[in-house]
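Colleague: Sequence plus predicted model, see below.
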Amino acid sequence: MSTLRLEDLKQYSDTLRTRDGTTLDVRFVEPRDTDELQHYFRSLSTRSRYNRFFGAISELPNGLLHDFLQIGERERFTVVATMMVDGFETIVAEARYALHAETGTLEFGLSVHDRWQGRGIATALMKNLECRAAALGAEHIFGDTLRSNETMISLARKSGFAFVTHPDDWKLVRFDKGISVAAKDIPCASWRLAALSRQAESPSASV
């Protein structure tokens, strides 16, 4: 696993382009995002919040909001995807992921605001998460979703994930994918920085 330099979060930011040409900035969440992040979840539809948290909530409880804003604590991270809307940086999607170093896996969950669904944002964000997982040394990436969440199931299938039985909850389905990010492509900042770090540690290593 590569150690992230959390004193400079901006170096792990990425600019993505969706299939319809939309440009997204993906970065770690910051304390300044507290109000905007809460507004984002409040403005999701009831169904979108239910699908994201597997239960009925109207906003992030204080404890969960605090957890979302802690970057690197217990190998957990939150990223937001933002766009300029009417002159303001606006959160249009988010993802939270956790590295399980003992199993070499990275677990994630994400949401896209209802207004921006259907534009390829989730697909682009999931691909970015694969790259971030590779940079952390994970060999597999997986997520859980409700069996009734046909949109997420379809997205995972199209993104190359395989489906397995959830070990704990019959209402959920788990999707899993082996990490196959090609180092030569260096498709995200986290991967590039990890590759450069490995090269510095071993000058003869191939990047």
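Modeller: It's in. Quick caveat, the model's predicted, so the values are computed rather than measured. Residues are numbered from 1 along each chain as shown.
Colleague: Where do the strands of the protein begin and end?
Modeller: Residue ranges of the strands in the chain, as given by DSSP state E, are 14-17, 23-28, 76-85, 88-100, 105-112, 140-146, 162-165, 172-178.
Colleague: mean confidence for the last one?
Modeller: The reference is to strand 172-178. Mean pLDDT, strand 172-178: 96.
Colleague: Over to the third one?
Modeller: The predicted model assigns strand 76-85 a mean pLDDT of 95.
Colleague: Could you figure out how far the lengthiest helix in the chain is turned away from strand 172-178?
Modeller: Among the elements of the chain assigned as helix by DSSP state H, the one spanning the most residues is helix 121-135. Between the axis of helix 121-135 and that of strand 172-178 there is an angle of 60 degrees, by axes from the mean of the first three to the mean of the last three CA atoms, to 10 degrees.
Colleague: hang on, the earlier thing: can I get the strands of the chain in TSV including mean neighbour count and distance to L60?
Modeller: For every residue, glycine as well, the C-beta is placed using N, CA and C. What follows is those, written out as TSV (neighbours: other CB atoms under 10 Å; distance: least, CB to CB, whole Å):
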stretch	mean neighbour count	distance to L60
strand 14-17	16	24
strand 23-28	18	17
strand 76-85	19	11
strand 88-100	18	10
strand 105-112	21	12
strand 140-146	20	19
strand 162-165	11	29
strand 172-178	17	21
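Colleague: Same list, these, but as JSON lines with distance to D35 please.
Modeller: What follows is the strands of the chain, written out as JSON lines (distance: least, CB to CB, whole Å):
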{"stretch": "strand 14-17", "distance to D35": "24"}
{"stretch": "strand 23-28", "distance to D35": "17"}
{"stretch": "strand 76-85", "distance to D35": "13"}
{"stretch": "strand 88-100", "distance to D35": "11"}
{"stretch": "strand 105-112", "distance to D35": "18"}
{"stretch": "strand 140-146", "distance to D35": "27"}
{"stretch": "strand 162-165", "distance to D35": "37"}
{"stretch": "strand 172-178", "distance to D35": "31"}
